[in-house]
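J.: predicted structure and sequence below. I'll ask about it afterward.
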Amino acid sequence: MELKTTLKICFIIAIETIFCFTPLGTIPLGPIAATLSMVPVIIAALTFGKQVGMIVGGVFGLYSFIYWTFIMPAFPTAFLFTPFSEAAMYKGNVGSLVICFAPRILAGLTPVLVSDMFSLTSNNENSLQADVLSSIAGSMTNTLLVLLLIFIIFGREYTTIVGQNILTVLGMTVVTNGIPEAIICAIVCPIVVRVLRNI
């Protein structure tokens, strides 16, 4: 791997670190924290390919695990992302690790798959439209998979904590968190990707 490429990847991971451990990347909204940490994952995927995208997605998952295990272990829903939560009501399990890592890793793959499919039909792999749609796909992959896995693995517990029907809560989360995050990714990621491609 060229030094220039390595430096770019290190830069993206540094931004991921900032987003994961500062208020710049995590916005508490009720029982779930909205995150902008998908931005570096999508940028890595579209700039360097699916392998790097999935690695940066894994880094995001690792940072999320660290955050909920060591920084916010007493948060009522921390158990969703770590089996080592200190929350009194419920404890996490191996399913917590699946929720924490799988959506983030797969979100590093989805943008490349969408971009590749778009390229087959448009014959323009670097088109702005492909980058925008790929960014939305990456962001929504994370949001929808996290929510789906919460529903499957911890649906009853989550319903008890939030005091509402889980489908209602998850649907509202998509509207209030998932869609705004996808819009931000659709705006920011294509711009940064084009800059990195030309450096």
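T.: Structure received.

J.: any idea where the strands of this structure begin and end?
T.: Assigned strands in the chain, in chain order: 26-29, 32-35 (criterion: DSSP state E).

J.: report the longest helix in the protein, please.
T.: For the chain, the helix with the greatest residue count under DSSP state H is helix 128-162.

J.: for this protein, give me the ranges with low pLDDT.
T.: Across the chain, residues meeting the criterion (pLDDT under 70) sit at 1, 26-34, 88, 121-126.

J.: and the helices in it?
T.: With helices called from DSSP H, the chain shows them at 3-21, 38-48, 50-66, 94-107, 110-122, 128-162, 166-173, 179-198.

J.: most tightly surrounded among those helices?
T.: The highest mean neighbour count among these, using mean count of other C-beta atoms under 10 Å, belongs to helix 38-48: a mean of 29. Every C-beta, even on glycine, is put in place using the N, C-alpha and C of the backbone.

J.: quick one, it and helix 110-122 angle?
T.: Compare the direction of helix 38-48 with that of helix 110-122 by axes from the mean of the first three to the mean of the last three C-alpha atoms, to 10 degrees and you get 50 degrees.

J.: show me what helix 38-48 is in contact with.
T.: Outside helix 38-48, the residues that touch it by C-beta atoms under 8 Å, 6 or more residues apart in numbering are 5, 8-9, 12-13, 15-16, 19, 52-57, 60, 104, 107-112, 115, 131, 134-135, 138-139, 142, 181, 184-185, 188-190, 192-193, 196-197.

J.: try it again at 7 Å.
T.: For helix 38-48, contacts defined as C-beta atoms under 7 Å, 6 or more residues apart in numbering pick out 5, 9, 12, 15-16, 19, 52-53, 56-57, 60, 104, 107-108, 111-112, 115, 131, 134-135, 138-139, 142, 181, 185, 188-189, 192-193, 196-197.

J.: likewise for stretch 140-147?
T.: For stretch 140-147, contacts defined as C-beta under 7 Å, 6+ apart pick out 38, 99, 102-104, 106-107, 110, 170, 173-174, 177-178, 181-182.

J.: ok, so of these, who is nearest residue 159?
T.: Distance to residue 159 across the contacts of stretch 140-147 (C-beta to C-beta) is lowest for residue 170, with 10.1 Å.

J.: contact partners of stretch 87-95?
T.: Applying C-beta under 7 Å, 6+ apart, the contact partners of stretch 87-95 are 74-76, 78-80, 82-85, 153-154, 157, 161.

J.: ok, the contacts of stretch 140-147 vs residue 120, which is closest?
T.: Nearest to residue 120 among those is residue 110, at 16.0 Å by C-beta to C-beta.

J.: the closest one and residue 136 touch, don't they?
T.: No: using C-beta atoms under 7 Å, residue 110 makes no contact with residue 136, being 9.8 Å away.

J.: count of residues packed around residue 22?
T.: The burial count assigned to residue 22 is 9, neighbours taken as other C-beta atoms under 10 Å.

J.: distance check, it against residue 114.
T.: Applying C-beta to C-beta, to the nearest Å, the value for residue 22 to residue 114 is 29 Å.

J.: residue 20 too?
T.: Counting by C-beta to C-beta - residue 20 and residue 114 are separated by 24 Å.
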